[in-house]
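S.K.: Quick one, structure for this:
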Amino acid sequence: MSRLRACGGALALSLAGVAGMAAAAPYIPADPNQVVERLPSRAAPVQRELRRLRGELAARPDDLRLAGALAQRYIEQARIEGDPRYLGYAQAALAPWWTQAAPPDPVLVLRATLRQSTHQFPAALADLDQAVKRDSGNVQAWLTRATVQMVTGDLAAARASCMRLYSRAPALVVQTCLSSVGSVNGQAAASYRQLVDAQAAHPLADRGIDVWVATLLAEMAARSGNDGAAETHFRTALGLGEPDSYLLGAYADFLLDHGRAPEVVRLLKDKTRVDALLLRYALALQATGSPEARPQIEALGARFDAAVLRRDTVHQREQARFELALRRDPAAAVRLAKANWQVQKEPADLRILADCAVASGDAEAARLLRDWLRSSRIEDRHVTAAAARLKAAA
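M.R.: A predicted model of the protein is given here:
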């Protein structure tokens, strides 16, 4: 999931797709005391707010303003909790307009956000193209458009969409969008410096934007090998309030890369409703030699097996990592990594492709890696090292 998607607060609200187990046999833990899921309290303020909005919309189901507000709130909550059910609730709120070829502008952008969450990228772009054609000043549409273009590897188009934010969005938002693209397109050092300068010039812009900026800076620093700066940026982001699932996953990956698995266990032990976080939790448990690793691996395997039965391919990146690191099946892992690469091309997608190419010796995966390194000019120490190992083995 990209930084633009997950860390831009109200300015970037697209999410990872559906996860669940409806089509498979239920997972039954061996330990009757194992916590399978923690449901949100009905007394929590956000749940009270959602109930109020649902009640108002039930009384006025054709109220576009109210439906949009509820759908937006569901999307925000899905980003925070990592619970894909909120995305379904958001679509239901927009039901009167969902199938229209030319719905009102707010619905176009919300529908695009939800469509990209299930990797319906062409449909999402069609909605966004329609939105910006109607209103060239639609900041959310341009930013979401840049997001989809980055995810699908169209970096030149993503940069052009970011440029359309000039004079329309706050300067820090514009630079964050541009730095996100530049950091994976041969301009890593310059993009990092420009974003640091922009952050200094615009402190305390907005909590959502501040988290987005700090997380992006952390990932940029980590890819370049500046671990001290990465740690500082991650801690800044984590200190800005309750972290969302994207930030938790990114920081967990940083900790795992540096042999700090016990910290990951503490960070994620209550966050395993989200498949991507359960994956990192299981990896950390395995690294520490915990006896709890096996049941968590089995639980995650059941979730991925259920996704296969549903023909849900949204989580192929995570599933490839699961097959490689937890099931120890490089052949299965590289098949998933290559299939995922056909759909999305973010740094994390490239990294799992590289890891699987090294582990499996798959020639096609190695070629895909070399081609992208050459065309994108991405600078990532882990991927570069994997490419060097492949070259030495050739």
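S.K.: low-scoring stretches of the chain, by residue?
M.R.: Within the chain, the ranges that satisfy pLDDT under 70 run 1-43, 205.
S.K.: Try it again at 90.
M.R.: Applying pLDDT under 90 to the chain flags the ranges 1-50, 52-59, 76-85, 117-119, 203-208, 241-242, 273, 307-315, 394.
S.K.: Check which helices and strands the strand or helix carrying residue 375 is in contact with.
M.R.: Element membership for residue 375 (DSSP states H and E) is helix 363-376. The contact analysis (3 or more Cβ pairs under 8 Å, 6 or more residues apart in numbering; DSSP states H and E) places helix 363-376 against helix 330-341, helix 347-360, helix 381-393. Where C-beta positions appear, they are placed from N, C-alpha and C, glycine not excepted.
S.K.: Adding distance to residue 164, write those out as JSON lines.
M.R.: Formatted as JSON lines, the helices and strands packed on helix 363-376 follow (distance: least, Cβ to Cβ, whole Å):
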{"stretch": "helix 330-341", "distance to residue 164": "28"}
{"stretch": "helix 347-360", "distance to residue 164": "24"}
{"stretch": "helix 381-393", "distance to residue 164": "30"}
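S.K.: which residues touch residue 195?
M.R.: Contacts for residue 195 (Cβ atoms under 8 Å, 6 or more residues apart in numbering) come out as 175-176, 179, 213, 216-217, 220.
S.K.: Now intersect the residues you listed with the helices, please.
M.R.: The helices, defined by DSSP state H, take in 175-176, 179, 213, 216-217, 220 from those.
S.K.: Of these - the most surrounded one?
M.R.: Tallying neighbours with other Cβ atoms under 10 Å puts residue 176 at the head of the ones in helices among the contacts of residue 195, with 31 neighbours.
S.K.: Would you mind measuring from the closest residue to that one other than its chain neighbours to residue 285?
M.R.: Once flanking residues are discounted, residue 176 sits nearest to residue 213: 5.5 Å by Cβ to Cβ, 6 or more residues apart in numbering. Per Cβ to Cβ, to the nearest Å, residue 213 is found 32 Å from residue 285.
S.K.: Next one: residue 313 from residue 151, what distance?
M.R.: Look at residue 313 and residue 151: by Cβ to Cβ, they are 14 Å apart.
S.K.: Hmm, I typed the wrong one, I wanted residue 173.
M.R.: Per Cβ to Cβ, residue 173 is found 18 Å from residue 151.
S.K.: Of the ones in helices among the contacts of residue 195, just say which sits nearest to residue 134.
M.R.: Within the ones in helices among the contacts of residue 195, the smallest distance to residue 134 is 25.2 Å, found for residue 176 (Cβ to Cβ).
S.K.: That closest one against residue 198, yeah?
M.R.: Yes. Using Cβ atoms under 8 Å, residue 176 is in contact with residue 198, at 7.4 Å.
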